[in-house]
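J.: This is a predicted model, with the sequence first.
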Amino acid sequence: MKIAVLPGDGIGTEIVSEAVKVLEVLDLKFEMKSALVGGAAYEAHGHPLPESTLQLAKEADAILFGAVGDWKYDKLDRPLRPEQAILGLRKHLGLFANFRPAICYEQLVGASSLKPELIAGLDILIIRELTGDIYFGQPRGRRTAVDGHFPGAEEAFDTMRYSRPEIERIAHVAFQAARKRNKKVTSVDKANVLETFQFWKDVVTDVHKEYPDVELQHMYVDNAAMQLVKAPKAFDVVVTGNMFGDILSDEASMLTGSIGMLPSASLNSKGQGLYEPSHGSAPDIAGKGVANPLATILSAAMMLRFSLNQEAAAQRIETAVQKVLAQGLRTPDIWSEGTTKVGTAQMGDAVVKALTA
Ligand SMILES: NC(=O)c1ccc[n+]([C@@H]2O[C@H](COP(=O)([O-])OP(=O)(O)OC[C@H]3O[C@@H](n4cnc5c(N)ncnc54)[C@H](O)[C@@H]3O)[C@@H](O)[C@H]2O)c1
Ligand SMILES: CC(C)[C@H](C(=O)O)[C@@H](O)C(=O)O
Ligand SMILES: [Mg+2]
């Protein structure tokens, strides 16, 4: 089993080290190979996703990814920016199905910004389409406006688009996931304004005919953003496009206590997957040893489950994470009165200890 380890930038390197520690202690005979990606790869090779890194990723059974990006690269031409590395990996590997489970662990009910009764027992799954939408639509660019409110002015534009097969395959993923859970899918769109999302809604409705045992609800994205903080437990599986999924998953992360708790899996149709926390490189706390590594450690558990056929090991990691939380250990992002503040490495060590005890 080959795992490509791509730590990236900022806290990416700190949190991936902890996940690697956890994987190593399982002693499952993985072959782990690391490569530079993002800003780190740009510095060394002049490109955020060098051919050698892409090749390593393509040949791996699974990819463990940290995060990419730093403010200092914001002025680079877009194709050279660190974020192009993760977008390129998703595109080149066809990683269209992004699972972002928002689970509020019992021990962290007090860490959320929401009232405990709203989030105690929360377990929802956001399924974000990851290779289409306005993220990848062409054409895009800058030009001189020919119409609109300011003809002749400089303007920028992107293209929002989805094809029927792209929507169908993510809808199947969502209905099948819901079958293993509480059999409810909420499809989030903006069909009242955008043709792309009226089409999304129509296609999801068509696919639903094959899943009569699963309840389908449609919801506009603005309402969904509100309902997520009003009554999050009313959701089971949420399926949506690339951009709405990006935004709603960050919102949902706060229901779990912190964005440092939200893992993710991005899968292609061959069962290959990239596993990364949902958060970014957090330049504001990078290098301080305070980042929460649990989202990355939980992403490694998802990797064992979805790509490496190691369900028992995945469950061992998830149980170990709950154990350290029960011991009262908290990185600053999830710390509350009466618990013990620890750093990134101490948190990783505690998970390793809980696994081996
Ligand atoms: N997949 C990715 O690689 C990815 C995802 C999101 C953002 N980014 C990039 O990351 C950079 C920073 O973006 P941003 O600040 O908008 O988002 P971010 O997710 O990096 O950080 C947002 C806030 O959450 C905090 N945070 C994030 N992860 C944390 C963790 N594990 N523990 C504790 N606190 C954590 C940060 O300190 C910050 O205050 C940008 O360059 C952005 O493009 C990359
Ligand atoms: C860094 C960026 C390209 C990325 C996205 O928008 O998909 C990030 O925000 C994420 O959620 O993985
Ligand atoms: Mg995001």
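T.: Here it is on my side, so go on. Ligands and ions are numbered 1, 2, ... in the order given.
J.: how long is stretch 127-136 end to end?
T.: 18 Å (C-alpha to C-alpha, to the nearest Å).
J.: Run the chain-centre distance for that stretch.
T.: 12 Å (C-alpha atoms, centre = their mean, to the nearest Å).
J.: ok, and what's touching that stretch?
T.: 87, 90-91, 94-100, 158-163, 166-167, 170, 173-174, 177, 196, 237-246, 248-249, 266 (C-beta atoms under 8 Å, 6 or more residues apart in numbering). The C-beta positions use only the backbone N, C-alpha and C, and glycine is treated the same way.
J.: Could you pull out the buried residues of the least confident helix or strand in the chain by mean pLDDT?
T.: Sorting the helices and strands of the chain by mean pLDDT, DSSP states H and E puts helix 116-119 at the bottom, at a mean of 94. Neighbour counts over helix 116-119 (16 or more other C-beta atoms under 10 Å) mark 118-119 as buried.
J.: Can you tell me the strand partners of the helix or strand following it and which way each runs?
T.: Sequence-wise, the next helix or strand downstream of helix 116-119 (DSSP states H and E) is strand 123-129. Sheet pairing of strand 123-129 (DSSP bridges) gives strand 97-103 (antiparallel), strand 237-240 (parallel).
J.: Would you format the ones you listed as a markdown table with mean neighbour count included?
T.: As requested, those are exported to a markdown table (neighbours: other C-beta atoms under 10 Å):
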| stretch | mean neighbour count |
| --- | --- |
| strand 97-103 | 23 |
| strand 237-240 | 28 |
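J.: Out of those, flag the one nearest I124.
T.: strand 97-103 (5.1 Å; C-beta to C-beta).
J.: and the residue in the stretch 101-250 of the chain that ligand 2 sits nearest to, what is it in contact with?
T.: Closest contact between the stretch 101-250 of the chain and ligand 2, by C-beta to the nearest ligand atom, is at D246 (4.4 Å). D246 makes contact with R128, according to C-beta under 8 Å, 6+ apart.
J.: Same check on V188?
T.: Per C-beta under 8 Å, 6+ apart, neighbours of V188: 219-221, 224, 238-241, 244-245, 248.
J.: Who is the closest residue to it other than its chain neighbours paired with across the strands?
T.: Residue nearest to V188 in three dimensions, not counting chain neighbours: T240, with 3.9 Å by C-beta to C-beta, 6 or more residues apart in numbering. Beta-bridge partners of T240, counted by DSSP bridges, are R128, V188.
J.: Surely T240 is in contact with K190?
T.: No - T240 is not in contact with K190 according to C-beta atoms under 8 Å; the separation is 9.7 Å.
J.: any common contacting residues for these two?
T.: V221.
J.: doesn't R142 fall inside a strand?
T.: Yes - judged by DSSP: H, G, I helix; E, B strand; the rest coil, R142 forms part of a strand.
J.: That one - nearest residue in space that isn't next to it in sequence?
T.: Nearest non-adjacent residue to R142 (C-beta to C-beta, 6+ apart): A156, at 5.2 Å.
J.: Pretty sure that neighbour sits in a strand.
T.: Yes - judged by three-state DSSP, A156 forms part of a strand.
J.: quick revisit: what pLDDT does the residue nearest to V188 get?
T.: We have a pLDDT of 98 for T240.
J.: Pull up the gap between it and ligand 1, please.
T.: As for T240, its distance to ligand 1 is 17 Å (criterion: C-beta to the nearest ligand atom, to the nearest Å).
J.: next one: K209
T.: Noted for K209: a distance of 35 Å to ligand 1, by C-beta to the nearest ligand atom.
J.: same deal with F244?
T.: 16 Å.
J.: Also N192?
T.: 28 Å.
J.: Touching, that residue and H218? I think so.
T.: No - with contacts counted by C-beta under 8 Å, N192 stays clear of H218, the gap being 10.5 Å.
J.: Neighbour count: those two, which is higher?
T.: H218 (17 against 11; other C-beta atoms under 10 Å).
J.: In contact with that one, which residues are there?
T.: Shown in contact with H218 (C-beta under 8 Å, 6+ apart): 186-187, 189, 191, 201, 204-205.
J.: Thank you kindly, that will do.
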